[in-house]
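*Asks:* turn this into a structure:
(4 chains)
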Protein chains: 2
Amino acid sequence: MVARPAQRAQPRPPLTRDRVLRAAIQVADEHGIAALTMRRLAEVVGAEAMSLYHHVANKEQVLDGVVEMITTEINELVDAIDLPSAGTAWKAAMRQRILTARRVFLRHPWAPQVFESRSVLNAAVLKYHDGLVRIMRDGGFSNDLCHHALHALGSRALGFTQELFNPGGAAAGADTGADLSSMAAALPNLVGMLAEVVHDDPDSTLGWCDDQTEFEFGLDLLLDGLDRLRAQGS
Amino acid sequence: MVARPAQRAQPRPPLTRDRVLRAAIQVADEHGIAALTMRRLAEVVGAEAMSLYHHVANKEQVLDGVVEMITTEINELVDAIDLPSAGTAWKAAMRQRILTARRVFLRHPWAPQVFESRSVLNAAVLKYHDGLVRIMRDGGFSNDLCHHALHALGSRALGFTQELFNPGGAAAGADTGADLSSMAAALPNLVGMLAEVVHDDPDSTLGWCDDQTEFEFGLDLLLDGLDRLRAQGS
DNA sequence: ACCTGAACACCGTTCAAGT
DNA sequence: ACCTGAACACCGTTCAAGT
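*Replies:* Residues are numbered from 1 along each chain as shown, chains lettered A, B, ... in the order given. Presented below is the predicted three-dimensional model:
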């Protein structure tokens, strides 16, 4: 009666906010954001759903914390970048920063949706953008142009875009292919474009585009335009 | 016993998919997207929740239908635009089309989130983009450049951006102001930028930016860059 | 203090039954 | 055929109670 036998082989480490948030990211990574429920989250950390509420106020705060944790990881990576940013060098510094941040989002494909659903200003996200403004100021941007630039880049500044045309589930590819050819009459320009663009991969559809290439194309289009405005002293 | 008295002053018109979708848009417009539940939707059309399932398969299909209905409205507006698009005129034609579409989204601030949550290709959305490709082709774009352009524009092609920094609820403005000044040490570049950019409106914060101005700035940056690539025959 | 079982007020959706 | 009440399997969250 003195020594109670351990009920589990590995006694559960005490619950903390940090452990809860880490588990939330893990659940979303493995099963998608829809699977992230308080009950499931509790299961992963080996507790009851109601125990979570001693460490986070509610589910909204879990999502806020997840955004904070991912952005903190990004901040650590980009703070380690040591690149000149004065004058024309600003563009390369900015580009590397953004593509570094993007690599984190590629590991969390559900994260863009969560980031865009938050309406509160997050300290880590602000810190990330503060770093972007520093680079642009080093490059000779006026504060006004910095401000326009942040708006123009939008989520691209953090390394992601929300694609309007997503590849759906497993069957979506085949379905879309059939739909598209039957829609050729109604969509002559789009179908003509796709026929030419994806000709080297006959199975391709809109969903099969090279996301990285397209991300960099759009990013460079914006950075080049901003550099032109910088040069003319906007 | 022959003539049963009407149970309601105005007998309810028969339920249709169209009426259900219209009611969905109305509920979201008036009470936000979170208020759009099947039970509430039924209430608005004067039926029981379960009656909705005779006209739509499920809630996902309601959201798909809402996207389709809004895009159809946009298509009607942009199809009425009669603007030349050959050669350099492409840019003005594209710009007007996109800003026209944007006006529809300004009436449905919840719609961007719904559009980006859909993963299936919608016929009306494809038709809208087909029109954009036509204009770019008229302007002399290669199919390859058209394709890059659609990706680079992303949701901006349809007239909306999802802002990462949203003005929160009513109290968010004041809170944010206090937070920002206390964060000046940690965020020198961002705070410095804001101090200068919003100096003419002392109550301003990031959330108070002129969305229309910023949208057009980002759009023109992209369109100008694309025009440059078009001119050099990419 | 930290954790929990039972319960509440909601969801979307199924089913069998009404007319 | 169209519509409905009751019910089911989920949610997030509250509460009173355990240690």
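*Asks:* hey, let's count contacts and neighbours off CA atoms from now on
*Replies:* Fine.
*Asks:* list, one by one, the residues from chain A near DNA strand D.
*Replies:* Neighbours of DNA strand D within chain A, by C-alpha under 7 Å from any atom of the strand: A:35, A:36, A:37, A:38, A:39, A:40, A:49, A:50, A:53, A:58, A:59, A:60.
*Asks:* following the least confident helix or strand in chain A by mean pLDDT, which helix or strand comes up?
*Replies:* In chain A, no helix or strand scores lower on mean pLDDT, DSSP states H and E than helix A:172-182, which sits at a mean of 55. Later in the chain than helix A:172-182, the nearest helix or strand by DSSP states H and E is helix A:188-197.
*Asks:* can the helix or strand just after that next one be said to contact chain B?
*Replies:* Using DSSP H and E, the helix or strand that follows helix A:188-197 in sequence is helix A:211-231. Yes. Interface with chain B: helix A:211-231 contributes A:214, A:215, A:217, A:218, A:219, A:221, A:222, A:224, A:225, A:226 (C-alpha under 8 Å from any C-alpha of the partner chain).
*Asks:* widest-spaced pair of those?
*Replies:* Largest separation among the residues of helix A:211-231 next to chain B by C-alpha to C-alpha: A:214 and A:226, giving 18.5 Å.
*Asks:* out of those two, which sits in the busier spot?
*Replies:* With neighbours defined as other C-alpha atoms under 10 Å in any protein chain shown, residue A:214 and residue A:226 compare such that residue A:226 has more, 24 against 17.
*Asks:* and that one, how far is that from DNA strand D?
*Replies:* To DNA strand D, residue A:226 is 42 Å away according to C-alpha to the nearest atom of the strand, to the nearest Å.
*Asks:* skipping its backbone neighbours, what lies nearest that residue in space?
*Replies:* Excluding its sequence neighbours, the residue lying closest to residue A:226 (C-alpha to C-alpha, 6 or more residues apart in numbering or on different chains) is residue A:149, at 7.1 Å.
*Asks:* so what secondary structure elements neighbour the helix or strand hosting the one you found?
*Replies:* Assigned by DSSP H and E, residue A:149 belongs to helix A:143-153. Based on contacts counted as 3 or more C-alpha pairs under 8 Å, 6 or more residues apart in numbering or on different chains; DSSP states H and E, the elements that helix A:143-153 packs against are helix A:123-138, helix A:211-231, helix B:188-197, helix B:211-231.
*Asks:* tell me which of those sits nearest to DNA strand C.
*Replies:* Closest to DNA strand C of these, according to C-alpha to the nearest atom of the strand: helix A:123-138, at 24.0 Å.
*Asks:* touching chain B at all, that closest one?
*Replies:* Yes. Contact of helix A:123-138 with chain B (C-alpha under 8 Å from any C-alpha) involves A:126, A:127, A:129, A:130, A:131, A:133, A:134.
*Asks:* what's in contact with that helix?
*Replies:* The contact list for helix A:123-138, computed with C-alpha atoms under 8 Å, 6 or more residues apart in numbering or on different chains, reads A:68, A:71-72, A:75, A:85-87, A:90, A:93-94, A:143, A:146, A:157, B:186-190, B:193.
*Asks:* what about residue A:100, how many residues nearby?
*Replies:* 18.
*Asks:* how close does it sit to residue B:79?
*Replies:* As judged by C-alpha to C-alpha, to the nearest Å, residue A:100 and residue B:79 stand 41 Å apart.
*Asks:* for PyMOL, what selects the buried ones among the residues of chain A next to DNA strand D?
*Replies:* Only the buried entries of these go into this PyMOL selection, using 16 or more other C-alpha atoms under 10 Å in any protein chain shown:
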select buried, chain A and resi 36+38+40
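*Asks:* now do the SS call for residue A:56.
*Replies:* What DSSP: H, G, I helix; E, B strand; the rest coil gives for residue A:56 is coil.
*Asks:* that one: neighbouring residues, count only.
*Replies:* Count around residue A:56 with other C-alpha under 10 Å applied: 17.
*Asks:* residue contacts, it?
*Replies:* If a contact means C-alpha under 8 Å, 6+ apart, then residue A:56 has A:17, A:62 as its contacts.
*Asks:* next: residue A:189.
*Replies:* Neighbours of residue A:189 in contact, by C-alpha under 8 Å, 6+ apart: B:130, B:131, B:133, B:134.
*Asks:* so which of these wins on neighbours?
*Replies:* Counting by other C-alpha under 10 Å, top hit in those: residue B:133 with 27 neighbours.
*Asks:* confidence score at that residue?
*Replies:* Per-residue pLDDT puts residue B:133 at 98.
*Asks:* residue A:208 too?
*Replies:* pLDDT at residue A:208 comes out at 69.
*Asks:* please consider this matter closed, and thank you.
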